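Q: Output the structure for:
(one chain, ligands or ions: 1)
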Amino acid sequence: MKVAVFSTKPYDRSSLDGANTEHGHELVYFDARLSAATAPLARGCEAVCAFVNDELNATVLEELHRSGVRFVALRCAGYNNVDHEVAERHRLVVARVPAYSPYAVAEHTVALILSLNRKIYRAYNRVREGNFTLDGLLGFDLHGRTIGVIGTGQIGLEVARIMRGFGCQVLAYDIKPNPECESLQVRYVSLEDLLAKSDIITLHCPLTPSTRHLIDTKSLQTMKPGVMIINTGRGSLVDTEAVIAGLKSAKIGYLGLDVYEEEADLFFEDHSGQVIHDDVFARLLTFPNVLITGHQAFFTREALQGIATTTLANLTEFAENGTCSNAVPSPKF
Ligand code: NAD
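A: Below you'll find the model as predicted:
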């Protein structure tokens, strides 16, 4: 198939080209994000391949349908950026990569926890300037602390496993408990209990209407003072204005983000010579106890390879059968 591949960087092209040697699709790469403005680039293609911040709203899907696209291959696990109703109406099949490396995201989550706790990002700069003082770098033992994992699918399970290795007590909340997690002596509790009892709260559920702003002013009120919040899920799981208020009042002691509500206009690009116009994001950057990475949790060699292999297999399956076993589930959450 001829496939328009959006939001591609050299590392994407190299992993997709590598995986495509076994499939022989015609991959047409675009640096641009998929949006209403760029959707016409897919004219003449039977499929598009899209990433986390590509727009698959009604306008874009209708344009894709008009131009003959029949298949959307997402290069990610989450599919919150898709207007499923419109896709269904136009019989556009949307597939994703349901699993690549849960270890990549889980390990990055733990990297954020460790860096925030032991202030590695501050120590790094200090030592390079010849400042070897320890004031302000005091951390706490993770051993014996309580960590709350919200969403215990593939990634949440691996986070729980690693944190059990640190000697943490792990509480979990999921609408569908995972038996493998229970075998790690992870205790499933209500969301209210998890929020109230955890020293560290980490988010690994998908973004759906029911999980949007799961962390907001109301839920923050029920948490321990000085709580650490980590979000490597999706930006809109967290109400950013609410966490800024929580940081100012010291209710939140540490905040680690790999995703951000309005990341589409910022992440994956070099804006270092420009003014940041997003005042909310700019405010977040001013806190000494906030650590932000630009949606890089997935970014390991193994994960890129897994994404490419499954994406190409999805394209081939659709080309051969008109269906795909990794088609995204019904949007009725
Ligand atoms: P998964 O489908 O294996 O697990 C998700 C879990 O969340 C499931 O157990 C599900 O039952 C649970 N869940 C669903 N709705 C819930 C709710 N309302 N409350 C609590 N739990 C709920 O998915 P995964 O592979 O573990 O990925 C989790 C999320 O991580 C993805 O949806 C994606 O948004 C995000 N992600 C981020 C990156 C990154 O680079 N930062 C990379 C991959 C995935």
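
Q: what's the pLDDT at the residue of the stretch 151-300 of the chain found nearest the ligand?
A: Proximity of the stretch 151-300 of the chain to the ligand (CB to the nearest ligand atom) peaks at G153, 1.7 Å away. C-betas here are computed from N, CA, C, even on glycine. Listed pLDDT for G153 reads 97.

Q: what's the answer for the one 4 residues further on, then?
A: Looking at L157, its pLDDT is 98.

Q: Could you shift the numbering so residue one becomes 6, and keep it that way?
A: Got it, first residue is 6 now, which makes that one L162.

Q: do you know how far the residue in the stretch 6-155 of the chain positioned nearest to the ligand is from D275?
A: Per CB to the nearest ligand atom, G83 is where the stretch 6-155 of the chain lies closest to the ligand, at 3.3 Å. Noted for G83: a distance of 24 Å to D275, by CB to CB, to the nearest Å.

Q: Look at the two and report which has more neighbours.
A: G83 (17 against 6; other CB atoms under 10 Å).

Q: Touching, that one and R239? I think so.
A: Yes: between G83 and R239 a contact is recorded at 5.9 Å, counting by CB atoms under 8 Å.

Q: anything in contact with each of the two?
A: Common contacts of G83 and R239 (CB atoms under 8 Å, 6 or more residues apart in numbering): 211-212.

Q: For S335, report the pLDDT, please.
A: So, for S335, pLDDT stands at 61.

Q: nope, L296 is what I meant
A: 98.

Q: same check, this time on the one 5 residues further on
A: According to the per-residue confidence, Q301 scores 97 in pLDDT.

Q: That one - that's part of a strand, no?
A: No: going by DSSP: H, G, I helix; E, B strand; the rest coil, the assignment for Q301 is coil, not a strand.

Q: Contact partners for it?
A: 113, 263.

Q: mind checking the backbone torsions on it?
A: Main-chain torsions, Q301, degrees, to the nearest 10: phi -110, psi 0.

Q: just checking, A47 touches R75?
A: No: the criterion here is CB under 8 Å, and A47 misses it with R75 at 11.2 Å.

Q: between these two, who's got more neighbours?
A: In this view A47 and R75 are compared by other CB under 10 Å, and A47 has more residues nearby, 27 against 18.

Q: So for the helix or strand containing R131, mean pLDDT?
A: If you go by DSSP states H and E, R131 is part of helix 125-133. On average, the pLDDT along helix 125-133 is 98.

Q: What's the local residue count around K124?
A: 19.

Q: L142 is in contact with that one, correct?
A: Yes: taking contacts as CB under 8 Å, K124 lies within contact range of L142: 4.8 Å.

Q: What residues does the residue nearest in space to the middle of the chain make contact with?
A: Centroid-nearest residue in the chain: G238, 4.0 Å away (criterion: CA atoms, centre = their mean). Contact analysis of G238 by CB under 8 Å, 6+ apart lists 83, 156, 208-212, 264.

Q: try it again with 10 Å
A: Neighbour list for G238: 83, 85, 110, 114, 155-156, 160-161, 207-212, 216, 219, 263-264, 302 [criterion: CB atoms under 10 Å, 6 or more residues apart in numbering].

Q: Over to V194?
A: 153, 176-178, 200-203.

Q: With E163 instead?
A: So E163 contacts 106-112, 114-115, 154, 157, 209 (CB under 10 Å, 6+ apart).

Q: Adding neighbour count, write the residues you listed out as a markdown table.
A: Formatted as a markdown table, these follow (neighbours: other CB atoms under 10 Å):
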| residue | neighbour count |
| --- | --- |
| S106 | 20 |
| P107 | 20 |
| Y108 | 16 |
| A109 | 22 |
| V110 | 26 |
| A111 | 24 |
| E112 | 15 |
| T114 | 28 |
| V115 | 21 |
| V154 | 31 |
| T157 | 26 |
| H209 | 27 |
